[in-house]
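[1] Provide a 3D model corresponding to the input given below.
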Amino acid sequence: MPWPFTGREDEVELVRRSSTAARHGIVVTGPAGCGKSRLVEEALRGTDRVRAAGTPDTRDTPFAAFAHLLPEAVTLHRAVRLLSGVRLLVVDDAHLLDDASAALVHQLAVHARTRLVVVATDHAPAPDAVRRLWTGDLLPRLALGPLPHDETAELLTAGAGGPVEPLTARRLHRLCGGDLRLLRDLVGAVRARGLLTPDPATGERAWRGPLPLTAAVRERAAAVLGRAEPAGRETLDRLAFAEPLPLDSDACDLDVLERLEAEGLIEVTEPARGGYAVRLAHPLHGPALRAAAGRLRAGRLARASEEIGLALKTEAAALERRVERADVRDTPTPAGEWLTESGEPVPAAYAAVRARYCRLRGELRDAAAWARQGLRHTPGDEACHLELALSEAQSGIVGEGEADELRGGGGGGGAAAWRAAARGDLDAALEALQALDGERPYDAVRLGAPALAAELPCSAQVFQDHAEALSRADGPALDGAAEALRERGFLLFAAEAHAQAVRAHRDPLAARTSRTRAVALARRCQGARTPALTGLVLGELTARQRQIVTLAAAGLSNRQIAERLTLSVRTVGNHLYSAYTRLGGDRQTLPGRTTAPESKSA
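    Next comes the predicted model:
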């Protein structure tokens, strides 16, 4: 059975609008496997349309893509006349069209009597007539990127039969790189082999262990798995078991590395404190090489426990330096990923650093997962407890039966403040921060009280700019601070600054722009529920989802909603599931949380 369509609401609406009256159509392009055809199918569901498609085997046969619509012998002129009466024509895999079919599509676009929805794959050879559809401005182009991580995680919930543990969702997203066909292949393989098991702490489905070498994996990793040259394969295997390698390592042969770099199989990092280093270019290649290595070869190449410990310490130190520089943009962390994927114990000190880094990036579910990894083998670690408390509280989760204070002193007070904020008690949250003697002033800015952050202990100008803009209630300055935060990777902080700008702007248009930006960033923060974002909650839903959630909040059952809106019960259920997944609640708790704050953001 196909997986349910998930996410991409704006793109679906754009394709749908492009196929209506007074529109000439649209071209949808993107990498192979990113879901272009499925998106078009979803957007045009229920519409009267005719479909044609290119195939690799018929590129030399004139009008092969339209053989089911045209007589056997036909000229281009007559073909245009015959198809000009078609109201809506969908052309899939247009990059595979024969030249005659491509010319026909181009002429239909020129005459503009038939609305066209054309789908083509990026970086694939395509007939000039197809490329000129968008380069010649005949049709608008929607360049579809890989499915974002948050929407991939939502899709995995359906594909895996239930919620997927955050580190597993991150692993699958990283390995597949937006290729949804590979994603489905991998999920099916790990489920079939019983590798997707409940996490003891959360009950979510987790995958630990090696990568299954399915046919799809072998095809996409053929450049490294099929390498016959001994020196090149040996270097690739060494990287798979020990990346990143210093460029001056004994294992690095510069001649071999130059060839591998020219083929796009490795990357050389920019020089840092430790100098140049070499890593594999594609995240799928390392796991594929490790899975393909025999037991003896893997034993020879695998790092010793001392080397793994050193790699983790080095990686953690690099993350801490980035935090000190107020730069938490995405950065490769192969040592930590390899450790968790293999199911080995994660040192609490490393787990706490990873949790903090994820939390600062707005990846709250990932942060909680890393903290739990550290607590699994060191249950009393205070830093991991603190990170777990902060990430859950900023997700709107208040721990049941937990003490507000942790043994971490000031850190525990910070957790108490965010727990109070999660309960909706902002006064208690600010009181908890005041009791810390200015130890966590930026939290006061995020909670909307810049007066408590008169002197920021950190040197980062970006945090000071946010505090000063909020104290002046300066909407444009808040937007500027938000963009600076976003550029440095602080997506949650940026979303909060844009949300604060909504209330500060005097211009309604500027306020709407700030709200749109805040919602877009908040969607990427894994269910963050902080006071600054509460007014944005319902704004995260599509119009149909808002309508259905509002009716559910009024007490209507799924069947009653379906009857009122002339929908199927299944469609109503799917909309509610998507809405609750996005907003982090359920039918019992969510409506009360979403309807009240909405009035504040008017």
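
[2] what's residue 89 sitting at in phi/psi?
    Dihedral pair for residue 89: phi -120, psi 120, per degrees, to the nearest 10.

[3] wait, it sits on residue 108?
    Yes - using CB atoms under 8 Å, residue 89 is in contact with residue 108, at 6.9 Å. From N, CA and C alone the C-beta is placed, and that goes for glycine too.

[4] now do the shared contacts for the two.
    Here residue 89 and residue 108 have 83, 114, 116 as joint contacts, going by CB atoms under 8 Å, 6 or more residues apart in numbering.

[5] select from those the one having the most neighbours.
    Highest neighbour count within the shared contacts of residue 89 and residue 108: residue 116, with 25 neighbours (other CB atoms under 10 Å).

[6] find the centremost residue of this protein, please.
    Per CA atoms, centre = their mean, the C-alpha nearest to the average position across the chain is that of residue 149, at 1.8 Å.

[7] now, the shared contacts of residue 89 and residue 108 that are in strands?
    residue 116 (DSSP state E).

[8] just the closest of the shared contacts of residue 89 and residue 108 to residue 396, please.
    residue 116 (45.2 Å; CB to CB).

[9] could you check which of residue 89 and residue 108 has the larger neighbour count?
    residue 108 (25 against 22).

[10] shouldn't the more buried one be within a strand?
    No - using DSSP: H, G, I helix; E, B strand; the rest coil, the assignment for residue 108 is helix, not a strand.

[11] please report the distance of it from residue 27.
    Residue 108 is 13 Å from residue 27, where distance means CB to CB, to the nearest Å.

[12] quick one, domains of this protein?
    The chain breaks down into these domains under automatic domain parsing: 9-143, 149-209, 219-302, 314-450, 461-536, 538-601.

[13] look up how far residue 252 lies from the residue nearest to residue 38 when sequence neighbours are not counted.
    Leaving aside its sequence neighbours, residue 38 sits nearest to residue 5 (CB to CB, 6 or more residues apart in numbering; 6.1 Å). Distance, residue 5 to residue 252, by CB to CB: 46 Å.

[14] ok, now residue 14?
    Taken as CB to CB, the span from residue 14 to residue 252 is 47 Å.

[15] does the residue nearest to residue 38 sit in a helix, a strand or a coil?
    coil.

[16] show me the contacts for it.
    Counting by CB under 8 Å, 6+ apart, residue 5 touches 38, 39, 42.

[17] what does residue 213 give?
    288, 291, 292.

[18] now these in JSON lines, with pLDDT?
    As requested, the contacts of residue 213 are exported to JSON lines (pLDDT from 0 to 100):
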{"residue": "288", "pLDDT": "94"}
{"residue": "291", "pLDDT": "92"}
{"residue": "292", "pLDDT": "93"}
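
[19] quick one, grab the pLDDT at the residue nearest to residue 38.
    pLDDT recorded at residue 5 is 84.

[20] strands along the stretch 51-200 of the chain, start to end?
    Taking DSSP state E, counting those that start in this stretch, the strands of the stretch 51-200 of the chain run over residues 88-92, 115-121, 141-143, 196-198.

[21] helices or strands up against the first one?
    Helices and strands in packing contact with strand 88-92 are listed as helix 36-43, strand 50-53, strand 115-121; criterion 3 or more CB pairs under 8 Å, 6 or more residues apart in numbering; DSSP states H and E.

[22] which stretches of the stretch 301-450 of the chain have low pLDDT?
    For the stretch 301-450 of the chain, the stretches flagged by pLDDT under 70 are 304-306, 399-413, 437-439.

[23] need the helices for it, in chain order.
    Residue ranges of the helices in the stretch 301-450 of the chain, as given by DSSP state H, counting those that start in this stretch, are 305-324, 334-341, 348-361, 364-377, 382-393, 410-422, 426-434, 441-446.

[24] would you put the C-alpha positions of whatever helix or strand comes next after the last one in PDB?
    Elements were assigned by DSSP states H and E; along the chain past helix 441-446, the next helix or strand is helix 461-471. What follows is the C-alpha trace of helix 461-471 in PDB, where atoms were taken according to Å, rounded to 0.1, in the frame of the first residue of the first chain:
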ATOM      1  CA  GLN A 461      26.000  40.600  19.900                       C
ATOM      2  CA  VAL A 462      23.100  38.700  18.300                       C
ATOM      3  CA  PHE A 463      21.500  38.000  21.700                       C
ATOM      4  CA  GLN A 464      22.100  41.600  22.900                       C
ATOM      5  CA  ASP A 465      20.500  42.900  19.700                       C
ATOM      6  CA  HIS A 466      17.400  40.800  20.400                       C
ATOM      7  CA  ALA A 467      17.100  42.000  24.000                       C
ATOM      8  CA  GLU A 468      17.500  45.700  22.900                       C
ATOM      9  CA  ALA A 469      14.900  45.400  20.100                       C
ATOM     10  CA  LEU A 470      12.400  43.800  22.500                       C
ATOM     11  CA  SER A 471      13.000  46.500  25.200                       C
END
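
[25] after helix 461-471, heading C-terminal, what element do we hit next?
    helix 475-487.

[26] that next one packs against which elements?
    helix 461-471, helix 491-504, helix 508-522.

[27] from residue 571, how far out is residue 545?
    11 Å.

[28] what about the two, which has more around it?
    Set residue 545 next to residue 571 and count neighbours by other CB under 10 Å: residue 545 wins out with 20 against 15.

[29] and the next element down the chain from the strand or helix carrying the more buried one?
    Counting by DSSP H and E, the element that carries residue 545 is helix 543-553. Toward the C-terminus, helix 543-553 is succeeded by helix 558-565 as the next helix or strand (DSSP H and E).

[30] moving C-terminal from that next one, which element do we reach first?
    Once the chain leaves helix 558-565, the following helix or strand, as judged by DSSP H and E, is helix 569-583.

[31] now that following helix: average pLDDT?
    The pLDDT scores in helix 569-583 average 77.

[32] now do stretch 153-160
    Mean predicted lDDT for stretch 153-160 stands at 85.

[33] show me what it is in contact with.
    With contact meaning CB under 8 Å, 6+ apart, stretch 153-160 is reached by 3-4, 6-7, 147, 163-164, 166, 169, 172-173, 180, 183-184, 187, 191, 196, 205, 526, 578, 581-582.

[34] sorry, back to before: and the helices and strands packed on strand 88-92, which is most packed in?
    Ranked by mean neighbour count, those are led by strand 115-121 with a mean of 24 (mean count of other CB atoms under 10 Å).

[35] how distant is it from the center of its chain?
    Offset of strand 115-121 from its chain centre (CA atoms, centre = their mean, to the nearest Å): 25 Å.

[36] elements contacting that strand?
    helix 9-18, strand 25-30, helix 36-43, strand 88-92, helix 99-111, helix 128-135.

[37] reformat these as CSV; add distance to residue 463 and mean pLDDT.
    Output for these, formatted as CSV (distance: least, CB to CB, whole Å; pLDDT from 0 to 100):
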stretch, distance to residue 463, mean pLDDT
helix 9-18, 31, 90
strand 25-30, 37, 94
helix 36-43, 39, 93
strand 88-92, 49, 95
helix 99-111, 51, 95
helix 128-135, 42, 94
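
[38] how about residue 138, phi and psi?
    Dihedral angles (degrees, to the nearest 10) for residue 138: phi -70, psi -40.

[39] next up, the contacts around it.
    Residue 138 touches 24, 106, 109, 110, 132, counting by CB under 8 Å, 6+ apart.

[40] tell me how far the closest residue to the third one other than its chain neighbours lies from residue 24.
    Which is residue 109. Setting aside the residues directly before and after it, residue 109 is nearest to residue 138 in space (CB to CB, 6+ apart), at 4.4 Å. Residue 138 sits 8 Å away from residue 24, going by CB to CB.

[41] sounds good, over and out.
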